[in-house]
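Participant: Dropping the sequence and predicted coords here.
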Amino acid sequence: MNTGDGPIGAPGTDDSGPSDADLLRAHVDGDREAFGELVRRHRDRLWAVALRTVGDREEAADAVQDALLSAHRNAARFRGDAAVTTWLHRIVVNACLDRLRRRQAHPTVPLPDGSRSEDRPSGAEPAAPTTDHETALLVRQALADLPADQRAAIVLVDVQGYPVAEAAEILEVAVGTIKSRCARGRARMALALGELRGRDSGHAARGNLRAGETVPSGPGAAPPSPGGHERRDQR
Amino acid sequence: MTGAEFSGVDIDLLADYIGGALEGTPDESAVATLIAEDQAWREAFETLGGRVTFVRAELGRFSPEPMPADLAARLDGMFSAPALTLVQGEAVAADPRRRRKRWVTPLAIAAGFIAFIGFGVDYLSGRTQQADDSAASGVSTQSESAISALGETILATGTDYTRATLAIEPVRTLSDPPSAGIPAFGESGTQNQDRATVKEPTLDRLAVRAALAECFLAIERQNAGGSISVTTVDYARFNGAPAVIVRFTAANGGWAWAVGPGCGTPVSGADALDKVPVR
């Protein structure tokens, strides 16, 4: 279920209003309301990306606020090479990654707690009968335990549903790098999920996931060219 | 499938193959060959492929996450503050008493959020009343100040500084009482002892002692003149934009810096808008 805060596809245009680019230009030209309108358009998506990347509501709020202040101040530097939303996401994600890097000395990422009930599925979903509350929590923990770069890529592509190419633009890396980060992150999650389920529930994980498995380092396979076919990553 | 069986397989390489990251590279065919000819790789491929599919399905089931209302309101306040209108001003003079401008609030305030720039409702109301009373009368130079626990003077004059006036310290008279609205950091009897009361929403973050300390550190780093000794902090404006004016001394002299709301953040550093030496 990815409604509400998924990708927007085309650069923000609204049949009844100015485009994102128009709003940003107006802001640069001195329109005091334009940037606020731009933020209102995209704040839910930016928040969702920040929250799921940072894993902590307070830090995510600070990251979003800092990032938008920076965007507000540096709007004149936007050259139009990417969509305005891509630019905004890039600033927010970078703010999140900066915070995660500064937090490296404290590798534990807060788990979802009672205040995050809205994170959780509200109930059984007919289309996904195997999903349960415990699994949802474990998936969130496995995501939170990923290296920051892999987590950011997975949040953009698998959680928020952005195309791989757009995620690559946001993170300013090659498409193949996004594919690799997503692929390795998913594999880590798959193995970690087995470990977490085994530890927390004491029973074998779904799909025969096992505890204690680690992901060996690969030989550093070169990512394909950015124009490569996105067979499994493209949503 | 056991962990031991997995141990014979390069999981990262296999994950890249499953995720399409090897397409067009020599590794793609190499892994395909391993899967076809090596039982361990084949079993790992089948198992990991299933697990990855499961993980992706679970990730796709994350529910929408709208921005919390309080954060949304804060951002609204930061970026949609009603404009102030200069109705009467005086040419910038050397005497800060004479260069204070009078402002009136716009007729309409954005519904749902009061985001007055300057000192907040009370201050602006007072200023507006002054402006209404008599355009010819002198303008009060009352400034609100307090001495912080660390010794610097905390001000919220709301002055709109320019490069020409940045070095001029705001005038405070002995009769100026410490402001109830701008309590010192650490002042006893306040609820938020690590926080000054600054009702300019964009500067709200810097009203927190810890954030202001980060800002000082960022200034110190950028100034590159050794440790700085801050004398005054003024929550004000610079060229019309919300700014904190930080006056300090360091090994390279006395300075007045105008810094933006991002001061002290990793993204913005000191967020310096301008700086002038103070002699």
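Facilitator: Yep, that arrived.
Participant: nearest spatial neighbour of whichever residue of the stretch 101-250 of chain B sits closest to chain A, skipping sequence neighbours?
Facilitator: Nearest to chain A, among the residues of the stretch 101-250 of chain B, is residue B:205, at 7.0 Å (CB to the nearest CB). In short, each C-beta sits where N, CA and C put it, glycine included. Sequence neighbours aside, residue B:211 is the residue nearest to residue B:205 in space, at 5.1 Å (criterion: CB to CB, 6 or more residues apart in numbering or on different chains).
Participant: Give me the residues contacting the one helix or strand that neighbour maps to.
Facilitator: Using DSSP states H and E, residue B:211 sits in helix B:209-223. Residues from elsewhere that reach helix B:209-223 (CB atoms under 8 Å, 6 or more residues apart in numbering or on different chains): B:185-186, B:194-196, B:205-206, B:226-228, B:230, B:233, B:244, B:246, B:248, B:250, B:252, B:255, B:257, B:259, B:263-265, B:269-272.
Participant: residues touching the residue lying closest to residue B:238 once chain neighbours are set aside, list them.
Facilitator: With sequence-adjacent residues excluded and distances taken as CB to CB, 6+ apart, residue B:238 is closest to residue B:258, at 3.8 Å. Going by CB under 8 Å, 6+ apart, residue B:258 touches B:161, B:166, B:238, B:243-245, B:272-275.
Participant: helix, strand or coil for residue B:258?
Facilitator: Three-state secondary structure (criterion: DSSP: H, G, I helix; E, B strand; the rest coil) places residue B:258 in strand.
Participant: Need the pLDDT of the residue of the stretch 101-250 of chain B closest to chain A.
Facilitator: Per-residue pLDDT puts residue B:205 at 82.
Participant: Touching, it and residue B:261? I think so.
Facilitator: Yes. Using CB atoms under 8 Å, residue B:205 is in contact with residue B:261, at 6.6 Å.
Participant: picking up where we left off before, so what's the residue count around the residue nearest to residue B:205?
Facilitator: 20 (other CB atoms under 10 Å in any protein chain shown).
Participant: same thing with residue A:80?
Facilitator: Using other CB under 10 Å, residue A:80 is surrounded by 11 other residues.
Participant: just residue A:81 next, same as before
Facilitator: 8.
Participant: For it, list the residues it contacts.
Facilitator: Contact partners of residue A:81, counting by CB under 8 Å, 6+ apart, are absent.
Participant: which of residue B:205 and residue B:261 has more neighbours?
Facilitator: residue B:261 (28 against 24).
Participant: List the backbone torsions phi and psi for the residue in chain A that chain B sits nearest to.
Facilitator: Closest approach between chain A and chain B, counting by CB to the nearest CB: residue A:183, at 2.4 Å. The phi/psi pair for residue A:183 (degrees, to the nearest 10) reads phi -60, psi -50.
Participant: And the closest residue to it other than its chain neighbours, how close does it get to residue A:53?
Facilitator: Leaving aside its sequence neighbours, residue A:183 sits nearest to residue B:19 (CB to CB, 6+ apart; 2.4 Å). Distance of residue B:19 to residue A:53, computed by CB to CB, to the nearest Å: 19 Å.
Participant: and what of residue B:279?
Facilitator: Taking CB to CB, one finds residue B:279 at 47 Å from residue A:53.
Participant: Kindly provide the whole-number mean pLDDT of the strand or helix carrying residue B:255.
Facilitator: For residue B:255, the host element (DSSP H and E) is strand B:253-259. Strand B:253-259 shows a mean pLDDT of 90.
Participant: mind listing what's buried in it?
Facilitator: Buried residues in strand B:253-259, counted by 16 or more other CB atoms under 10 Å in any protein chain shown: B:255-259.
Participant: can you give me the helices in the chain?
Facilitator: Answering for chain A, as no chain was given. Per DSSP state H, chain A carries helices over the ranges A:20-28, A:34-54, A:57-73, A:84-102, A:133-144, A:148-154, A:164-171, A:175-201.
Participant: That was the other one, I meant chain B.
Facilitator: Counting by DSSP H, the helices of chain B are B:3-6, B:11-18, B:26-37, B:39-60, B:69-79, B:96-99, B:121-133, B:209-223.
Participant: Those helices: which one's closest to residue A:61?
Facilitator: Set against residue A:61 and scored by CB to CB, these come closest in helix B:69-79, at 5.0 Å.
Participant: List of residues touching the closest one?
Facilitator: Residues outside helix B:69-79 that contact it (CB under 8 Å, 6+ apart): A:35-36, A:39-40, A:43, A:47, A:61, A:64-65, A:68-69, A:72, B:67, B:110, B:112-113, B:115, B:201-202, B:204, B:261.
Participant: Pull out the buried members of these.
Facilitator: A:35-36, A:39, A:43, A:47, A:61, A:64-65, A:68-69, A:72, B:67, B:113, B:115, B:201-202, B:204, B:261.
Participant: what does the stretch 151-279 of chain B put close to chain A?
Facilitator: Within reach of chain A by CB under 8 Å from any CB of the partner chain, the stretch 151-279 of chain B has these residues: B:202, B:205, B:260-262, B:265-268, B:271.
Participant: With that, I have no additional questions.
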